[in-house]
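**Student:** Here you go, sequence then predicted model.
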Amino acid sequence: MSYREVMTGDVVRWGAVAVAARMPVAAAPLALVFLVRERPGGYALGAVLAAVYVVGEIVGAPLLGMRMRPERARPQLAVGLAVGALAFLALGALPHAHPGVLGTFAFVAGAAPAAAPGGLRALLTGLIPEKAVAQALSVESMLTFAIWAVAPAAVTGLALGASPVLPPLLAGGLMAASVAGLWLLPVGWHSDADDRGGESMVRILARAWPIFVTGAASLSMLALAELVLPALLEQRGIGVGWAGPLLACLAVGSATGSFVYGLRSWPGRLRTQSMVLMFAVSGCLAVVAVLPSGVGPLAAVLGVAGVLQAGAMLTRNLSLRETLPPSALAAGYSVMYAAVGAGYAASGSLAGGLLSVVAPSTAILAGVGLGVVLTVIGVLGEVRPAGRAGVVSGGGEGAECAAVGGGGDAERRL
């Protein structure tokens, strides 16, 4: 199925709602830093608020996602997004409030709408035929990468060119608009709780732990590239100002990779695709660590890493969709959201700690090693008897292989 057939009116409306709901998420960490940077110790406080926001996302995504009712997801999504909008508006309206108050608002802004990405993804896959899910998720991935490319620049321009309170206020307004936009979409998606065979949601999700681990590994490497790159440029004698354009190359590569992955079916099982792509991303980052001075080679390698990274993330999403029954998909997507956030945070913490004692290139190599270890753990966890996997998905390994190789039910993505 082609992208043209996927881009229906329903999907376009979904895209508008997704942009309004996700742009605030992409803008939040940097917006919080700019909001308080002029206060005494502002940068440190901003970093703490950003960390609290991420913790809110990690806590809220699984807790709220597991309680989402597929047949009536819209009201639950609306409440979460509305509370998040109010929290963002409060941050913008009270920039000089006590740090504890700001921290509370930041946590709520992260936690309340944290199930929205998973719920919106499940709504998207309910809008299109089964055979088009791979293309639909590729479109979602391209949209996400575009949002994350635009949001930091928009926040910086608004905060420095106008007022630091504008980014959180605009984030609140956009999130409120997404609540109204939800009523342009279906109330939920078809599901039957009996498809879990009487098992609890927790047990069902626990079976998918290898996919969550590999998802965390994929984002841990992305964090590595983003957070250590400025220090690496200084080590190489390259202007730190090149960090932005180089990260733009990574984002463009990721968007390109998402598009290419959805163009056709690819040979091999999803876990094999994921493993190969993850090891290839690791190799690219290792090359970045040892490359001699030169912006051009760095841009090329990061662009290739972005292409491969997008494919790796998409295979994880598709694997999750294949492994979980329909009634558990939104919860699974939400847990994956929390897992990749935790992977990003863990890699950032590791890189920050290592940079104080080793060279940036060594810190990157250590992070690559962590990513490889997590990938191996995840892949080994997925290699289990086909019959056991079939208890959850009803499809088993044979269905997975046939779908990927034959262009059929290729819908296993984050």
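**Tutor:** Noted; the coordinates are in hand.

**Student:** Report the buried residues of stretch 37-48.
**Tutor:** By 16 or more other CB atoms under 10 Å, the buried positions in stretch 37-48 come out as 45-46, 48. No exception for glycine: its C-beta is placed from N, CA and C like everyone else's.

**Student:** Stretch 341-348 too?
**Tutor:** 341-348.

**Student:** Stretch 233-242 too?
**Tutor:** 233, 236, 238, 242.

**Student:** Which secondary structure state is assigned to the third one?
**Tutor:** Right, Ile238. Secondary structure, DSSP: H, G, I helix; E, B strand; the rest coil: Ile238 is coil.

**Student:** mind checking pLDDT for it?
**Tutor:** pLDDT for Ile238: 85.

**Student:** By pLDDT, give me the weakest of the buried residues of stretch 341-348.
**Tutor:** Within these, pLDDT reaches its minimum at Gly348, with 71.

**Student:** In which helix or strand does that residue reside?
**Tutor:** Using DSSP states H and E, Gly348 sits within helix 329-355.

**Student:** Quick one: name whatever helix or strand follows that helix.
**Tutor:** Of the helices and strands lying after helix 329-355 in sequence (DSSP H and E), the nearest is helix 360-382.

**Student:** Identify all contacting residues around that next one.
**Tutor:** The contact list for helix 360-382, computed with CB atoms under 8 Å, 6 or more residues apart in numbering, reads 209-214, 216-218, 220-221, 224, 228, 231-232, 234-235, 271, 274-275, 278-279, 281-282, 285-286, 288-290, 319, 343, 347, 350-351, 354-355, 358.

**Student:** buried residues in that helix?
**Tutor:** 360-361, 363-368, 370-372, 374-376, 378-379, 381-382.

**Student:** before we move on, what about stretch 133-151?
**Tutor:** Within stretch 133-151, the residues that count as buried by 16+ other CB under 10 Å are 133-149, 151.

**Student:** What mean pLDDT does that stretch get?
**Tutor:** Across stretch 133-151, pLDDT averages out at 85.

**Student:** any weak-confidence spans in this structure?
**Tutor:** 1, 191-198, 222-225, 293, 384-414 (pLDDT under 70).

**Student:** per the record, what domains does it have?
**Tutor:** 3-130+151-190, 201-406 (automatic domain parsing).

**Student:** can you give me the end-to-end distance of stretch 353-363?
**Tutor:** Length of stretch 353-363, first residue to last, CA to CA, to the nearest Å: 9 Å.

**Student:** Next, work out how far apart Leu184 and Ala78 are.
**Tutor:** 12 Å (CB to CB, to the nearest Å).

**Student:** of these two, who's got more company?
**Tutor:** Ala78 (17 against 13; other CB atoms under 10 Å).

**Student:** show me what contacts that one?
**Tutor:** Neighbour list for Ala78: 179, 182 [criterion: CB under 8 Å, 6+ apart].

**Student:** Also Gly303?
**Tutor:** Gly303 touches 249-250, 252-253, counting by CB under 8 Å, 6+ apart.
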